[in-house]
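Student: Coordinates only, no sequence provided:
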């Protein structure tokens, strides 16, 4: 009787393959961001498309150049650089200069992503970190909002958060906040487009609901407690980059917790920091700062919320 040799192959986890690829996930994120990009283009004009194209091209060029210099495998095919460029662009005013947009994109892709080992090894969300850097380096350019092309008079108006902090101006109606007819970054104004994109990611199971729902909900509740007014709390949720950050930056696979409880804790931490910065800080917005700060605590949150194996005994 012939006996065949058998081999026992042992490999590290995970042992269950989902069939999803990095490229497929990034493609879903790009699809989810398209409504916000379209809305930004309609509201602020074709310059929004130019800024998006510049940021994406700069990210692709920066990653390609870095890989050539360091003789690493080319990775632009996974579309992560496209996602970084697009998210960063949506965080910028449509009136931003081309050179600041290029510098911000190269900072995000080279300094935050590539220098730390590439996709999966960066310690912070590249788009959030780049926006914070640009706020510090190009404060004047980042604070100027592009004129709303749909308005009768194309005069740029202050952001709702700036108005709530004391700037001259009148708060837009809630309907205008939902549709994006207000001052702000080109991709953060249209709440309807951002929610549609976020729901798409949840339905496609690219992200879970834990971080965005806790983040947005906690900002609303905290604002309601502080102001004692539902309308004021709604303005806090619909203003600034809260929806963009909650759905597309605070859910980053690499820089946020992996457990569901950890994701909820992360969202709560982002909410607390956002409200504190908006209320007490000199700058009216706090979303990017809060996400960047919470990125530093991701490993600690993961360790505190991970499940312990059955019967585990501490050594």
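Tutor: It's in. All figures in this text were calculated on a predicted structure; none of them were measured in a lab.
Student: Which secondary structure state is assigned to residue 250?
Tutor: coil (DSSP: H, G, I helix; E, B strand; the rest coil).
Student: Kindly report the same for residue 122.
Tutor: When classified by three-state DSSP, residue 122 comes out as coil.
Student: quick one: contacts for it?
Tutor: Contact partners of residue 122, counting by CB atoms under 8 Å, 6 or more residues apart in numbering, are 112-113, 116, 254-255. (Glycine included, C-beta is placed from N, CA and C.)
Student: export these to a markdown table and tack on neighbour count?
Tutor: Formatted as a markdown table, the entries for the contacts of residue 122 read as follows, by neighbours: other CB atoms under 10 Å:
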| residue | neighbour count |
| --- | --- |
| 112 | 22 |
| 113 | 30 |
| 116 | 15 |
| 254 | 17 |
| 255 | 23 |
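Student: which among these gets closest to residue 212?
Tutor: Minimum separation from residue 212 among these (CB to CB) is found for residue 255, which lies at 15.2 Å.
Student: you'd agree that closest one is up against residue 298?
Tutor: Yes. With contact taken as CB atoms under 8 Å, residue 255 and residue 298 are classed as touching, separated by 6.0 Å.
Student: which among the contacts of residue 122 gets closest to residue 216?
Tutor: When the contacts of residue 122 are ranked by distance to residue 216 (CB to CB), residue 255 comes first, at 19.0 Å.
Student: excluding its backbone neighbours, what's nearest that closest one?
Tutor: Spatial nearest neighbour of residue 255, excluding adjacent residues (CB to CB, 6 or more residues apart in numbering): residue 295 at 4.5 Å.
Student: mind listing what the closest residue to residue 138 other than its chain neighbours touches?
Tutor: Counting by CB to CB, 6+ apart, residue 138 lies nearest to residue 100, which is 4.6 Å off, once chain neighbours are set aside. Residue 100 makes contact with 134, 137-138, 141-142, according to CB under 8 Å, 6+ apart.
Student: Report the contact partners of the residue nearest to residue 255.
Tutor: Residues in contact with residue 295 (CB under 8 Å, 6+ apart) are 123-125, 128, 255-256.
Student: And for residue 82?
Tutor: The neighbourhood of residue 82, defined by CB under 8 Å, 6+ apart, consists of 26, 30, 56, 59-60, 76.
Student: can you pick the most crowded of the residues you listed?
Tutor: Note: the member of these with the most neighbours is residue 59, at 32 neighbours, neighbours being other CB atoms under 10 Å.
Student: Quick one, grab the pLDDT at the closest residue in space to residue 77 that isn't next to it in sequence.
Tutor: Ranked by CB to CB, 6+ apart and with sequence neighbours excluded, the top spatial neighbour of residue 77 is residue 23, at 6.8 Å. Here, the pLDDT recorded for residue 23 equals 90.
Student: Surely residue 23 touches residue 78?
Tutor: Yes. Proximity of residue 23 to residue 78 meets the contact threshold set by CB under 8 Å, at 5.1 Å.
Student: Of the two, which one has the most company?
Tutor: More neighbours surround residue 78 than the other of residue 23 and residue 78, with 19 against 12 (other CB under 10 Å).
Student: any idea how far that one is from residue 283?
Tutor: Taking CB to CB, to the nearest Å as the measure, residue 78 falls 34 Å from residue 283.
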